[in-house]
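J.: fold the stuff below for me.
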Amino acid sequence: MRMLFSLVLAGLALFGTISPALATTDFNAYLPINGALVTPNFKFTRVVYLDYPQGGKLKNALDGVNMTISFSSYSNNPSVRDLMNSMGQAMSSEGSSVQLTNMSLNYLAQISGGPTEASITYLISIAPTIGNYVLYHGTTTNVGGIMGGGTPFIMDAAWAGFNLNQPVKISTQQYGDFEINYPINLIQKELPTVYDIIKGTQAEKILEQNLINPSVLYQQQPLDKWDHLFDPSYVVSDSNSLNYKGTKVAVTTFSTGVSSLQSGAMNVNQQDADFTVDESYHIRTIDQPASGTFDVEGQAQAYNVKGAPAFTTTAAAAAGVSNTTAGGMSNMITYGMAGGAGGIAVFIFLWSNKKMKTKVYEVDTGPLQYETRQHWADQITSKTPIAQVSSTPSQEQPDWLCFKCGFYTLNSQDHCSNCGAARPR
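T.: So this is what the prediction gives:
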């Protein structure tokens, strides 16, 4: 049994992954070889809890509060253009040469206060339009490059790992000038009573950590450690701006944010702090592991350009290079692992089925012995009949058969002990 359990654990270790919930940073982008403008999406999420189990001023200020702040804005807004310029400078400081030409922004904050706890959820979604990410234009034919794939293209990926650690004020019609990057500013603007309570405490320091910070994508896992999968028949839909119109292309997908045997554990970042004002309070923030996806056209590999993350890719699959799956494992290895897991499952099924059948027939009845009841016809055909007809007239028959119900009754009784019918003469 221990050996079986070890085999099961080994199978789970090979295939098991732990899917995260919503990530603090959630990123996805598609990079075509032709260098057309692309619109990646960045989402930043944080959940803050303020606990006041003993009541006090925080309870008075937050209990029963239910508030939603939501707005959208675009690069025709001068404040959004300022954000676009700040992001471009932050990307440049990471070694990127991309250019931002457009941007859309969505902001959502929800405040919900209860009798012992209040929660504040922040969600920022930014979709910039990016160009100039192709650092070197390769060829789609074999010109001294990788056999079958042409000379490689090199694509910039450093821009995805920027950190915007500065105030971001957005001009809105509903809320006026609204700072979105630091959680404390929402409280200061919309809940000034709460801000006066936590001002100068450890809670304020935690709430001063910025939200727009996708650098965690590369901090938790370098690009060359991301899981990757080559798909030679990827279909690009909704891509008229890329001039593909649903065409099948070869694409390599790079992803991070899921714990696995290859990439290791992705841990939740939770910060906790106690602070005292009029009563004892507690604050905690929860940041899930960052998740990110790059879909790079061609057969791509992670690369470095002067220490900055990048991709090298060929338009078609290179000859002699097998398709790879998560962690760079070949398809044959993956199929073999799947077959091994299936074999373990079949073995467990057969073993458990055999044990179940054994248990059905090995029933401990204790000191009582039970005799299986049979129909009279079964007893007639039995190898050891219950009643044998004696060839000697002097031998007494042990019981007699009731032809009305088929029940055997002792010879000393004149009526059937089952239905009461008279004994035939």
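
J.: do I have it right that residue 70 meets residue 111?
T.: No - applying C-beta atoms under 8 Å as the test, residue 70 and residue 111 come out as separate, 11.9 Å apart. Glycine gets a C-beta too; all of them are placed from N, C-alpha and C.

J.: which stretches of the chain form helices?
T.: Applying DSSP state H to the chain gives helices spanning 2-15, 57-62, 78-93, 183-190, 192-198, 202-206, 216-220, 331-361, 376-380.

J.: low-confidence ranges, the stretch 51-200 of the chain, go.
T.: Along the stretch 51-200 of the chain, segments meeting pLDDT under 70 span 140-150.

J.: ok, back up a step: of residue 70 and residue 111, who's got more company?
T.: residue 111 (20 against 12; other C-beta atoms under 10 Å).

J.: bridged to that one, which residues?
T.: Legend: beta-bridge partners of residue 111 under DSSP bridges are residue 67, residue 120.

J.: that one and residue 221, how far apart?
T.: The spacing between residue 111 and residue 221, counted by C-beta to C-beta, to the nearest Å, is 33 Å.

J.: could you do residue 401 as well?
T.: 84 Å.

J.: now residue 211
T.: 20 Å.

J.: and residue 108, what does it touch?
T.: Contact analysis of residue 108 by C-beta atoms under 8 Å, 6 or more residues apart in numbering lists 68-70, 121-124.

J.: weed out the non-buried ones from those.
T.: 69, 122-124 (16 or more other C-beta atoms under 10 Å).

J.: determine which two of those are furthest apart.
T.: Largest separation among those by C-beta to C-beta: 69 and 124, giving 11.7 Å.

J.: what touches both of those two?
T.: Here residue 69 and residue 124 share the contacting residues 107-108, scored by C-beta under 8 Å, 6+ apart.

J.: so how far does stretch 214-229 reach from one end to the other?
T.: Stretch 214-229 has its terminal residues 23 Å apart, counting by C-alpha to C-alpha, to the nearest Å.

J.: that older thread, let me have the buried ones among the contacts of residue 108 in TSV, extended by distance to residue 77.
T.: Formatted as TSV, these follow (distance: C-beta to C-beta, whole Å):
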residue	distance to residue 77
69	17
122	20
123	19
124	15
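
J.: from those, which is closest to residue 88?
T.: residue 124 (17.5 Å).

J.: tell me how far that closest one lies from residue 250.
T.: Plainly put, residue 124 is 34 Å away from residue 250 if you go by C-beta to C-beta.

J.: restricted to strands, list the buried ones among the contacts of residue 108.
T.: Of the buried ones among the contacts of residue 108, the ones assigned to strands by DSSP state E are 69, 122-124.

J.: so which of the residues you listed is the closest to residue 94?
T.: For these, the nearest to residue 94 is residue 124 (19.5 Å; C-beta to C-beta).

J.: so what sits opposite the closest one in the bridge?
T.: What pairs with residue 124, by the bridge criterion (DSSP bridges), is residue 44, residue 107.

J.: if I look at it, how far off is residue 289?
T.: 18 Å.

J.: and for residue 272?
T.: 18 Å.

J.: before we move on, what about residue 199?
T.: To residue 289, residue 199 is 31 Å away according to C-beta to C-beta.

J.: tell me which of these two has more neighbours.
T.: residue 289 (23 against 13).

J.: any idea of the pLDDT on that one?
T.: Predicted confidence (pLDDT) for residue 289: 83.

J.: that one touches residue 267, doesn't it?
T.: Yes - shown here, residue 289 and residue 267 form a contact pair, counting by C-beta under 8 Å, at 6.6 Å.

J.: what is the neighbour count of residue 53?
T.: Residue 53, neighbours per other C-beta under 10 Å, totals 13.

J.: any idea how far the closest residue to it other than its chain neighbours is from residue 270?
T.: Spatial nearest neighbour of residue 53, excluding adjacent residues (C-beta to C-beta, 6 or more residues apart in numbering): residue 116 at 5.2 Å. According to C-beta to C-beta, residue 116 and residue 270 sit 19 Å apart.

J.: now residue 195
T.: Using C-beta to C-beta, we find residue 195 at a distance of 23 Å from residue 270.

J.: now swap in residue 166 and tell me
T.: Distance, residue 166 to residue 270, by C-beta to C-beta: 25 Å.

J.: again, but for residue 71
T.: For residue 71, the distance to residue 270 - C-beta to C-beta - is 29 Å.
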